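**Student:** Model the following, please.
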Amino acid sequence: MTTETRKFEAEVAQVLHLVTHSLYSHKEIFLRELISNASDACDKLRFESIAQPELLAGDGELHIDVSWDPQARTVTVRDNGVGMNVDEVVANIGTIASSGTRRFLDAMSAEQKTDARLIGQFGVGFYSAFVVADRVTVLTRRAGAPAGEGVKWESDGKGEYSLERVELAERGTAVILHLKADEDEFLQPWTLKSLITRYSDHVAFPIRLPVEQDGKPGEEWETVNAASALWTKPKSEISDEDYQSFYKSLGHDFNDALAWAHNRVEGSQSFTTLLYIPAQPPFELMMGGRDERKGLKLYIKRVFIMDAAEELLPNYLRFVRGVVDADDLPLNVSREILQQNRQLERIKSACVKRVLDLLEKMARDEPEKFATFYKAFGNTLKEGIAEDHANRERIAKLLRFASTKGEGAAQAVSLDDYILRMAPGQDIIWYITADSHAAAIGSPQLEAFKAKGIEVLLMSDRIDEWMLGSLNEYAGKKLQNVAKGELPLDEADKQRQQEASAAAAPLLDKLKSLLGERVKDVRVSARLTDSPSCLALSDYEMAPHLARLLREAGHDMPESKPVLEINPRHALLQRVEAEGDETRAGDLANLLLEQAEIAAGAQLPDPAAFVQRMNRVLLG
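**Tutor:** Presented below is the predicted three-dimensional model:
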């Protein structure tokens with residue numbers, strides 16, 4: 001193959017432009033990312049060599065070498081891992097296959113100062129080399145391929161790269177960075193050593209630096225990282241700083257983890273788990289993704305197998321980072337076998353238990369830290385109510401909501417808190433859903449509850465209505481929406497309700513006639529004390545605000561007629577009752593319905609007609 005020049009895929013060119021022009025803080029991240037890639041290459045070769053031992057070809061000591069050349073002004077990161085052939089070089093460097101690339105680009109474009117942690121999280125860490133280098137050369141040969149099938153890749157990061165077949169005596173990959181004029185600090189061995197210790201100390205392969213002699217790299221090499229799997233050490237030998245350092249290299253995060261759990265299970269099935277709770281959402285969660293599953297790494301006897309988050313944790317715990325190292329899973333395991341493996345299912349159950357244990361301990365002993373967690377991941381955790389039936393009660397115990405007895409939107413109330421404050425004889429957990437906290441706290445459907453001093457949970461996250469379809473009761477107490485069904489009344493309240501309905505019968509008939517097909521029914525409300533009207537929902541009817549959101553998202557929603565509840569004591573209802581003009585009475589009746597729909601978050605069927613009616617009433 002002669003030297004061939006190709007253009008980068010369009011999205012790669014965008015990434016390169018953004019990285020080189022925006023990533024001006026934490027520029028040393030390039031070394032962590034290149035070492036991480038080298039570690040992955042060694043992991044892949046170790047895994048492939050289980051079935052094909054000949055791939056190691058007498059060079060079984062896998063390692064990563066970092067060297068510098070003051071005269072050539074280069075830094076080289078070299079590994080003796082799996083290497084790449086021509087097609088793999090083009091696929092891994094010339095294109096980006098990540099399904100999240102567009103979201104990555106959009107997020108980077110939106111940031112005035114790009115967050116460097118996004119680089120590693122989206123698998124584009126190689127391109128961070130161009131932050132410090134004006135030219136990058138890659139020399140690589142696939143394990144098992146002859147020496148003549150080496151590949152040389154080179155680019156200045158400005159839109160094109162060259163490919164050339166070269167003779168390479170050794171397998172693996174060398175990334176050579178030709179440093180920019182103002183990046184001399186990375187030609188200092190102590191700088192490289194400190195960066196390796198800070199970011200990559202717990203990479204499970206030796207990372208070696210040449211021993212310095214007379215200001216130049218010598219012939220001897222020294223290992224500068226711990227080069228051991230942190231999770232295999234006894235907990236008594238690991239400091240908090242070690243745990244945090246490992247988390248940052250594992251999770252591509254500059255922030256400390258919020259909490260972690262490190263456990264070893266012995267017995268018929270032995271495995272180790274080291275699980276971290278981040279302090280803020282990983283990038284794919286911030287962008288709303290459920291597809292980018294990168295949380296846990298699966299090892300078998302210290303051999304990396306895969307990023308197997310789906311097999312090791314359910315979707316609602318996708319924010320967890322960490323490793324699982326099993327002793328007794330088959331080493332030739334494939335993804336398909338993993339999905340059906342009973343041993344792995346037991347490991348998954350153990351991981352879920354550890355995470356929930358950790359969150360319960362945090363909620364009990366460190367409420368401020370738990371509040372930080374809940375702000376970041378509360379909505380993700382709520383998905384578990386529908387997805388994990390076995391742990392539904394434990395998950396529900398961790399949920400927090402605003403309340404009519406809380407101090408503002410930020411006051412978090414647990415279901416246990418609510419039950420402890422229940423009035424004597426109360427056996428229902430009352431709640432209301434809305435599309436904002438203000439809409440929930442201002443709902444007319446709360447008026448009777450406020451008057452009686454009954455606490456109501458205020459649920460204003462979009463996921464709440466969906467979640468509540470799977471959370472019908474907690475601790476033996478039924479959960480009920482204040483807007484749904486008939487309110488349970490004592491005998492005195494029932495008597496008053498019946499008397500009010502009988503007295504308002506002519507008004508009810510008049511409103512039903514004026515509203516016609518727009519309503520299913522009109523009735524006197526037990527919910528209202530101050531407002532003129534509100535909507536009442538059947539037990540299985542979707543909240544209007546959620547129906548509106550789904551309709552706006554393109555879903556076909558069945559049309560349903562609302563039930564209008566009225567407060568006959570309100571002046572507006574008395575005006576409707578006394579109004580002799582059919583047109584004015586019709587305008588007032590329709591406005592009563594429409595203001596109830598607006599308060600419930602419904603979409604008005606004809607906003608223009610609503611405005612015209614409102615104008616006629618104001619001018620009349």
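
**Student:** shouldn't Gln343 be in contact with Val324?
**Tutor:** No. The pair formed by Gln343 and Val324 falls short of the contact definition of C-beta atoms under 8 Å, at 11.6 Å. The C-beta positions use only the backbone N, C-alpha and C, and glycine is treated the same way.

**Student:** Compare neighbour counts for those two and give me the winner.
**Tutor:** Set side by side, Gln343 and Val324 give different neighbour counts by other C-beta atoms under 10 Å, the larger being at Val324 (26 against 16).

**Student:** which element is the more buried one on?
**Tutor:** In this structure, Val324 is located in strand 321-326 according to DSSP states H and E.

**Student:** Quick one: mean pLDDT over the helix or strand where Lys382 lies.
**Tutor:** Here Lys382 is covered by helix 367-387, with elements defined by DSSP H and E. Across helix 367-387, pLDDT averages out at 94.

**Student:** what residues does that helix touch?
**Tutor:** For helix 367-387, the surrounding residues in contact (C-beta atoms under 8 Å, 6 or more residues apart in numbering) are 258-259, 277-281, 285, 314-319, 359, 362-363, 391-392, 395-396, 398-400, 412, 461, 463-464, 466-467, 469-471.

**Student:** still on that earlier bit, as a whole number, average confidence for the strand holding Val324?
**Tutor:** pLDDT averaged over strand 321-326 equals 91, rounded to a whole number.

**Student:** where does the stretch 1-150 of the chain have low pLDDT?
**Tutor:** Per-residue confidence of the stretch 1-150 of the chain (counting by pLDDT under 70) places the weak regions at 1, 10-15, 17-26, 94-124.

**Student:** same thing but 80
**Tutor:** Segments of the stretch 1-150 of the chain classed as low confidence (criterion: pLDDT under 80) are 1-2, 8-26, 29, 92-125, 127.

**Student:** follow-up on the earlier one: if any of the contacts of helix 367-387 are buried, give me the ChimeraX selection for them.
**Tutor:** Burial among the contacts of helix 367-387 is assessed by 16 or more other C-beta atoms under 10 Å; the matching ChimeraX selection reads:
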select :258,259,277,278,280,285,314,316,317,318,319,359,362,363,391,392,395,396,398,399,400,412,461,463,464,466,467,470,471
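
**Student:** rewinding a little: tell me the helix or strand right after the helix holding Lys382.
**Tutor:** Elements were assigned by DSSP H and E; along the chain past helix 367-387, the next helix or strand is helix 392-398.

**Student:** mean confidence for that following helix?
**Tutor:** Across helix 392-398, pLDDT averages out at 97.

**Student:** Tell me the helix or strand right after it.
**Tutor:** Once the chain leaves helix 392-398, the following helix or strand, as judged by DSSP H and E, is strand 402-403.

**Student:** quick one: strands adjacent to that following strand?
**Tutor:** Strand partners for strand 402-403, identified by DSSP bridges, are recorded as strand 457-459 (antiparallel).

**Student:** who touches the partner strand?
**Tutor:** The contact list for strand 457-459, computed with C-beta under 8 Å, 6+ apart, reads 401-404, 409, 413, 418, 429-434, 437, 440-441, 465, 468.

**Student:** let's go with 6 Å and repeat that
**Tutor:** Contact with strand 457-459 is made by Phe401, Ala402, Ser403, Tyr431, Thr433, Ala440, Ile441, as judged by C-beta atoms under 6 Å, 6 or more residues apart in numbering.

**Student:** Out of these, who's the most crowded?
**Tutor:** Of these, Thr433 is surrounded by the most neighbours, 29 neighbours in total, counting by other C-beta under 10 Å.
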